[in-house]
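Undergrad: 3D, please:
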Amino acid sequence: MWTQVELPAEPVVLTGHGDELLIGLRDRSAKVVPRLLLQQADGSRQEIKVEARSPYALLATWQSVAYDGQRLLALGGASGGAHSNTRWTVWTGSGKALTEYPQEFNTFGGQNAGGLYSAIITPAGQALAGTWGSANTGLDGAIWLPQGTTKWVRQSSAKTPLESVKTLLLSPSYGTAAGDGILLVGSQVRLDSKVKQETAVWRSTKVNEGWSRIELPELGDRSQGNTATCTSATACTISGFVDGKLAIWQVDGDQGKRLADVPMIPVGDKDKLPPPVVAGGRIYQLIAEGNKVKMVSGQDGSWTVQESTGPEGVVKDAALIGKTLYLLAGPADKPAALWKTTLS
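TA: Modelled structure (predicted):
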C-alpha cells in the first residue's frame with residue numbers, strides 16, 4: 001500500500017543515509033530552481049541552504065546527489081548554449097548548507113566532453129563519474145576528483161580498464177560507492193568478431209585507484225547494466241536488462257552471477273530502473289510496465305511481483321530508510337510525486 005508524500009515542489013532525486021532521507025527538488029517558480037530537503041526518521045524536515053554562484057546553477061536540475069551523514073556532494077545540469085548542451089554544476093557542503101563552486105569550461109565541456117552521471121562519496125574520498133573522449137576511439141569512462149575544496153580535475157583513464165580500445169567501446173552510465181572504492185555499471189560494445197553490446201561492470205579498490213573489469217555471465221545477445229547498490233566493498237547487486245527483459249546480477253568478490261527466474265518484465269534502452277534495494281536478504285526492484293508501477297522482490301530463483309496502487313507512469317528513483325521504501329514516480333512528461341510504503 002503506497003501513500004503519497006506532500007512536497008513543496010517537484011521531486012527529482014532521492015538518496016538516504018541511516019534514518020535520514022534526502023529529497024532533491026526542482027522548484028520552477030523559484031529564483032534558485034534546485035532545492036534540497038533533509039527528512040528525519042520522525043518525518044520532520046529541514047531545508048538545506050543552497051547557494052548558486054553561476055547562472056546555470058540557478059536553473060539546474062539535480063542529476064545525482066550523494067550524502068554520507070556528514071558530507072554532501074551534488075551534480076546539477078541545465079541546458080544552455082547554441083547547441084543546448086548540458087552545463088554541469090558541482091555543489092559541495094553538508095546537511096546544513098550546499099554551495100556551488102563554478103568550474104572552468106574545459107573541466108566538463110569542450111570538444112572531447114562526454115557526460116556526467118553520478119556524484120559519489122566514499123570513506124576514502126569524493127568523486128564525479130562520467131565519460132570523456134578517448135585517445136583511441138569513442139569515449140572512456142572518466143573520474144573527476146576534487147583538488148582542494150573548490151576545484152575538480154579529470155583523471156586520465158589511459159592504460160586503465162576505463163579506457164576504450166579499437167575492439168572494445170566502453171559506456172559506463174551509473175556509479176555508486178563500494179566501500180572505499182567505486183562501482184560503475186553500463187555496457188561495452190565488442191567489435192572484434194561481431195558487434196555485440198553487453199553489460200559491463202568496473203570496480204576500484206580506493207576511489208580512482210585499482211580499477212578492474214568484472215565479467216558477468218549470461219549476457220544474452222544484447223544487455224546493459226542500468227543501476228547498482230553495494231552493501232560492502234565487494235558485494236553488489238546490479239539491475240539492467242538482457243534481450244529486452246529485466247535482469248539482476250550479484251557480484252561477490254570478483255565473481256558475478258545472474259540471478260535465476262527474474263520475472264520477464266520488458267525493459268528498453270530508455271526505461272529507468274531505480275537502484276535495487278537490498279534488505280533482510282531480499283532484493284526489491286521497482287519497475288514500470290506499461291503505465292503500472294510494479295515491485296519485484298525476492299532472491300535467486302524465487303520472486304514475487306506486486307502491482308502498486310497509487311503510483312503510476314515511469315519510476316525515477318527509490319530509497320530505503322529503515323523499513324520505509326520511498327519511490328519517485330509519475331507520467332513521463334509530467335512532474336513526479338513522492339510515495340512511501342512499509343516493507344514487511
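Undergrad: CA atoms for contacts and neighbours, from now on please.
TA: Will do.
Undergrad: any idea how far V315 is from the spatially closest residue to T234 that is not a sequence neighbour?
TA: Once flanking residues are discounted, T234 sits nearest to G253: 4.8 Å by CA to CA, 6 or more residues apart in numbering. Look at G253 and V315: by CA to CA, to the nearest Å, they are 30 Å apart.
Undergrad: between these two, who's got more neighbours?
TA: Neighbour tally, G253 and V315, criterion other CA atoms under 10 Å: the higher count belongs to V315, 27 against 12.
Undergrad: For that one, name its beta-bridge partners.
TA: Per DSSP bridges, residues listed as beta-bridge partners of V315: A329.
Undergrad: hang on, it packs against K272?
TA: Yes - contact criterion CA atoms under 8 Å: V315 and K272 qualify, at 6.5 Å.
Undergrad: okay, and the common contacts of the two?
TA: Common contacts of V315 and K272 (CA atoms under 8 Å, 6 or more residues apart in numbering): I287.
Undergrad: For the stretch 51-200 of the chain, just list every one of the strands.
TA: Counting by DSSP state E, counting those that start in this stretch, the stretch 51-200 of the chain has strands at residues 61-67, 71-80, 85-94, 97-100, 113-122, 125-133, 139-147, 151-154, 168-178, 181-190, 196-203.
Undergrad: Now find how far off-centre the fifth one is within its chain.
TA: Strand 113-122 has its average C-alpha position 9 Å from the chain's average C-alpha position, going by CA atoms, centre = their mean, to the nearest Å.
Undergrad: pLDDT of that strand, averaged?
TA: For strand 113-122, mean pLDDT is 95.
Undergrad: Not counting its own residues, what contacts the worst-scoring helix or strand of the chain on mean pLDDT?
TA: Least confident element among the helices and strands of the chain, by mean pLDDT, DSSP states H and E: helix 105-108 (a mean of 89). For helix 105-108, the external contacting residues (CA under 8 Å, 6+ apart) are 88, 114-115, 152-154.
Undergrad: do the same with stretch 87-98
TA: Applying CA under 8 Å, 6+ apart, the contact partners of stretch 87-98 are 38, 47-51, 56-57, 60, 69-80, 99-103, 108-109, 116.
Undergrad: shaky segments in the stretch 51-200 of the chain?
TA: Low-confidence segments of the stretch 51-200 of the chain (pLDDT under 70): 81-84.
Undergrad: again, 80 this time
TA: 80-85, 110, 193 (pLDDT under 80).
Undergrad: What sits closest to L184 if chain neighbours are left out?
TA: That would be G175: by CA to CA, 6+ apart, it lies 4.4 Å from L184.
Undergrad: isn't that neighbour right up against Q126?
TA: No - shown here, G175 and Q126 do not form a contact pair, counting by CA under 8 Å, at 12.0 Å.
Undergrad: More neighbours: these two, which one.
TA: G175 (27 against 23).
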